[in-house]
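Peer 1: need a structure here:
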Amino acid sequence: MYKFITDNVVVFDVEWVPDPASGRRIYKIPDTASDDEVLDVMWRKGGATPDDPRPYLKTVMCRVISIAALVRKRVKDGVTLKLISLPGLNVSEQAEGEIIRQFLEAVGKQKAQIVGFNSSNADLPILYQRALANRVSAPTFCHRPDKPWEGVDYFNRYSDFSIDLKDLVGGYGKAMPSLHELASSLGIPGKMGIDGADVIDLWRSGDIRKIVEYNQFDALSTYLVWLRTAYFSGMLTEDEFVQEEHKLETLLLQEIESGSEHLALFLDAWKALR
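Peer 2: Numbering: from 1, shown residues only. Here you go, the predicted model:
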């Protein structure tokens with residue numbers, strides 16, 4: 001397990017889709033080809049088969065569409081929780097570089113402990129790769145101390161300032177669960193009717209809100225898995241653990257009342273599993 005929990009914890013999830021512009025450059029496809037034709041080439045070059053016509057592509061060939069996170073802050077009176085999304089639920093789409101810059105620089109300024117699921121192999125690499133592709137500058141996030149004990153270092157794979165729950169509890173090979181499998185086995189909602197394979201179709205149809213909603217579901221599931229590890233490792237007492245679950249339930253009710261009706265699906269599923 002990890003050695004500490006910082007005052008600021010950001011549990012996050014990233015959604016991305018194949019990027020036709022990158023596909024054109026990588027495979028030297030003429031501009032006369034449509035995006036659909038480019039995507040077909042990308043999948044074919046990526047190893048498409050009749051059983052798997054849309055294989056997982058290298059993240060460098062993709063573009064970030066959405067980042068969702070639960071921000072947990074320790075304050076004098078206890079703990080506060082906030083659910084954030086880039087872009088917001090009512091934004092049609094936001095420039096990829098700006099999504100990445102805002103997220104990384106906010107994390108860096110807070111010196112937050114970041115937590116993800118498969119983040120070390122997927123979410124963080126795509127953020128770095130696409131930051132470079134979009135000429136993003138994120139010096140606060142990228143700052144590295146001269147010595148490990150002198151500050152936050154997000155690029156130290158063994159630092160507890162960046163926790164990958166999949167590495168932490170996932171196992172290896174066939175034993176490694178997906179987030180859906182792990183969360184569901186813990187009595188936490190997993191996939192809510194949409195999975196990663198659906199994101200490209202939602203993006204092509206312009207339904208960014210549905211992607212953001214799905215992104216929030218995964219961030220919530222990841223947060224609840226992290227909360228369970230915090231209790232398991234003794235970082236939270238039983239009373240604190242229960243209080244934190246109640247705090248999340250309160251946050252969800254507030255968000256639902258504010259117009260995020262989709263979160264009622266998550267809350268209802270969570271209550272049913274508990």
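Peer 1: Only alpha carbons, please: show stretch 85-102 as PDB.
Peer 2: Taking Å, rounded to 0.1, in the frame of the first residue of the first chain, the C-alpha atoms of stretch 85-102 are listed here in PDB:
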ATOM      1  CA  SER A  85     -15.100  17.800 -15.200                       C
ATOM      2  CA  LEU A  86     -13.200  19.200 -18.200                       C
ATOM      3  CA  PRO A  87     -15.200  20.100 -20.200                       C
ATOM      4  CA  GLY A  88     -18.200  20.800 -18.100                       C
ATOM      5  CA  LEU A  89     -21.500  18.900 -18.600                       C
ATOM      6  CA  ASN A  90     -23.000  21.800 -20.600                       C
ATOM      7  CA  VAL A  91     -20.000  22.500 -22.800                       C
ATOM      8  CA  SER A  92     -20.200  21.100 -26.300                       C
ATOM      9  CA  GLU A  93     -16.500  20.500 -26.600                       C
ATOM     10  CA  GLN A  94     -13.300  22.100 -25.300                       C
ATOM     11  CA  ALA A  95      -9.900  22.400 -26.900                       C
ATOM     12  CA  GLU A  96      -7.800  19.300 -26.100                       C
ATOM     13  CA  GLY A  97      -4.700  21.300 -25.100                       C
ATOM     14  CA  GLU A  98      -6.700  23.500 -22.700                       C
ATOM     15  CA  ILE A  99      -8.300  20.500 -21.000                       C
ATOM     16  CA  ILE A 100      -4.900  19.000 -20.400                       C
ATOM     17  CA  ARG A 101      -3.200  22.200 -19.300                       C
ATOM     18  CA  GLN A 102      -6.000  23.200 -16.800                       C
END
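Peer 1: gap between that stretch and the chain center?
Peer 2: 14 Å (C-alpha atoms, centre = their mean, to the nearest Å).
Peer 1: go on, stretch 178-186?
Peer 2: For stretch 178-186, the distance to the chain centre is 15 Å (C-alpha atoms, centre = their mean).
Peer 1: so where do the helices sit in this protein?
Peer 2: For the chain, applying DSSP state H gives helices covering 20-27, 35-45, 96-110, 124-133, 139-142, 165-169, 179-185, 199-204, 208-232, 238-257, 263-273.
Peer 1: Ok, which of those comes nearest residue 68?
Peer 2: helix 208-232 (4.0 Å; C-beta to C-beta). C-beta coordinates here come from the backbone N, C-alpha and C atoms, glycine included.
Peer 1: got the buried residues for that closest one?
Peer 2: 208-231 (16 or more other C-beta atoms under 10 Å).
Peer 1: can you check stretch 255-272 too?
Peer 2: Buried-residue list, stretch 255-272, by 16+ other C-beta under 10 Å: 255, 256, 260, 262, 263, 266, 267, 269, 270.
Peer 1: And for stretch 119-139?
Peer 2: 119, 122-124, 126-131, 133-134, 136, 138.
Peer 1: Now do that stretch: everything it contacts.
Peer 2: Contacts to stretch 119-139, defined as C-beta atoms under 8 Å, 6 or more residues apart in numbering, come from residues 12-14, 16, 22, 59-60, 62-64, 95-97, 100-101, 103-105, 108, 116, 154, 157, 162-164, 166-167.
Peer 1: Output the buried residues of stretch 255-272 in JSON lines, with distance to residue 179 and pLDDT appended to each entry.
Peer 2: Below are those laid out as JSON lines (distance: C-beta to C-beta, whole Å; pLDDT from 0 to 100):
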{"residue": "255", "distance to residue 179": "21", "pLDDT": "98"}
{"residue": "256", "distance to residue 179": "23", "pLDDT": "98"}
{"residue": "260", "distance to residue 179": "21", "pLDDT": "97"}
{"residue": "262", "distance to residue 179": "18", "pLDDT": "96"}
{"residue": "263", "distance to residue 179": "18", "pLDDT": "98"}
{"residue": "266", "distance to residue 179": "14", "pLDDT": "97"}
{"residue": "267", "distance to residue 179": "18", "pLDDT": "98"}
{"residue": "269", "distance to residue 179": "14", "pLDDT": "97"}
{"residue": "270", "distance to residue 179": "15", "pLDDT": "97"}
